[in-house]
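In: Give me a 3D structure for the following:
(one chain, ligands or ions: 1)
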Amino acid sequence: MTTVNVAVIGVGNCVSSLVQGVEYYRGGDAPSLPHPVCAGYAVSQVRFTVAFDVNAAKLGRDLSEAIWTPPNNARSFAAVPHLGVPVVDGILADGVGPGSADLIDPRGSATPEDVAAHLVATGTHVVLNFLPSGAQQATELYARAALDAGCAFVNCMPAVLARSPEWRRRFAEAGLPLLGDDLKSTFGATLLHRALVDALTESGVRLDGGYQLLGGGNMDFVNLQDASRMASKKATKVTGAGASTHVGAQYVPFMEDRKVAYIRLNGEGFGGSPLEVELRMVVEDSPSAAGNALDAVRHAKAALDQGVGGLLEEVSGLLMKAV
Ligand SMILES: O=P([O-])([O-])O[C@@H]1[C@@H](O)[C@H](O)[C@@H](O)[C@H](O)[C@@H]1O
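Out: Take a look at the predicted model:
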């Protein structure tokens, strides 16, 4: 059976939901999976090869155990058997936010050459980047490793990669697919906010800002308390709702991996009449994103099969927040 061999960067909640999802949907008939077959690949064809992390408590473990290691707190919805997939030393650089500095493995960080060697040795096809928001340098070092190892790269966080002409060129010249930037949840705040913006705009409403206020208790929210890391996330979040859209993220520990989003749009309708739309959404954050991650790796592998290199613009437009 042809497989989609995936290496993951950052064994956090999103990877936990993704790994569980592959088990949950292996049979192909469970509900709430957007695409049982995507780009010619079934979920059962997705397999993990190696995982990179810098958290001392996750290193050396099998991926099936590391996904349950704190501070991960994603919902458990599938039993994951021993996978034989090791968590190995990752690249540190700016890959860890201020709230997690004490979790880092003191033995030091891997180099892009180390990472590339793992990717080649494990026969990896696609590298999936789930570093914390704000990890621009670390993302670029991993992207370099993927290029050296002949892998496709899927950038699920808001580092500027797919938006960079230089990185697009490098992947195009290498004949390797690039997807990004910043994974959009299959059902999440960005999807709803943009759907509302589109519905109002198509009705002739002139939008004048609003907000997207988020609360949650996972490490993403810890990380987003840092202003410069939050700035990178804001840049990919909302488009088309007017310049004065406020985006905020509050860390609320008891919520664990649940996310609440308050979305508001201010506008002016027919005859200049003022209008307001308010919406509240609560989801389990990481499982909400895993469906699009599953699609992204399968599209990346299909492009690799067909020798299509460079930015996959159409697919990125569907699955990612900023292209
Ligand atoms: O799509 P959306 O709900 O606005 O945003 C999501 C984030 O809230 C989530 O933490 C992350 O894991 C997803 O990849 C996505 O970025």
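In: Only C-alpha atoms from now on, for both contacts and neighbour counts.
Out: Fine.
In: which residues in the protein form strands?
Out: 4-9, 37-38, 41-42, 46-53, 87-89, 126-129, 152-155, 177-179, 206-216, 245-251, 258-268, 274-284, 310-311 (DSSP state E).
In: Neighbouring strands - and their directions - for the fifth one?
Out: I take that to be strand 87-89. With DSSP bridges as the test, strand 87-89 is paired with strand 46-53 (parallel).
In: Buried by neighbour count: which residues of the strand it pairs with qualify?
Out: Of the residues in strand 46-53, Val46, Arg47, Phe48, Thr49, Val50, Ala51, Phe52, Asp53 count as buried by neighbour count, 16 or more other Cα atoms under 10 Å.
In: Equivalent analysis for stretch 200-209, please.
Out: Residues Leu200, Thr201, Val205, Arg206, Leu207, Asp208, Gly209 are the ones in stretch 200-209 that count as buried (16+ other Cα under 10 Å).
In: My guess is Cys151 contacts Val126. True?
Out: Yes. With contact defined as Cα atoms under 8 Å, Cys151 counts as touching Val126 (5.4 Å).
In: is the ligand contacted by stretch 257-266?
Out: No. Figure legend: stretch 257-266 not in contact with the ligand (Cα under 6 Å from any ligand atom); closest approach 7.3 Å.
In: tell me the mean pLDDT for that stretch?
Out: Regarding stretch 257-266, the rounded mean pLDDT is 97.
In: cool, stretch 17-34 as well?
Out: For stretch 17-34, the mean confidence score works out to 92.
In: show me what contacts Val54?
Out: By Cα atoms under 8 Å, 6 or more residues apart in numbering, the contact list for Val54 reads Gly10, Asp89, Gly90, Ile91, Leu92, Leu103, Ile104, Asp105, Ser109.
In: any idea how far the ligand is from the first one?
Out: In this structure, Gly10 lies at 12 Å from the ligand, with Cα to the nearest ligand atom, to the nearest Å as the measure.
In: can you check the fourth one too?
Out: According to Cα to the nearest ligand atom, Ile91 stands 20 Å off from the ligand.
In: my read: Phe270 touches Val205, true?
Out: Yes. Counting by Cα under 8 Å, Val205 is a contact partner of Phe270 at 7.4 Å.
In: How many residues are close by Val85?
Out: For Val85, the neighbour count with other Cα atoms under 10 Å is 19.
In: Please disregard the earlier target; I meant Ser273.
Out: 9.
In: And the residue of the chain most remote from its centre, how far from Pro36?
Out: Note on the chain: the largest C-alpha distance from the chain mean falls to Gly271, namely 41.9 Å (Cα atoms, centre = their mean). Separation of Gly271 from Pro36 (Cα to Cα, to the nearest Å): 47 Å.
In: So which bits of the stretch 51-200 of the chain are right by the ligand?
Out: Residues of the stretch 51-200 of the chain lying close to the ligand by Cα under 6 Å from any ligand atom are Asp182, Leu183, Lys184, Ser185, Gly188, Ala189, Thr190.
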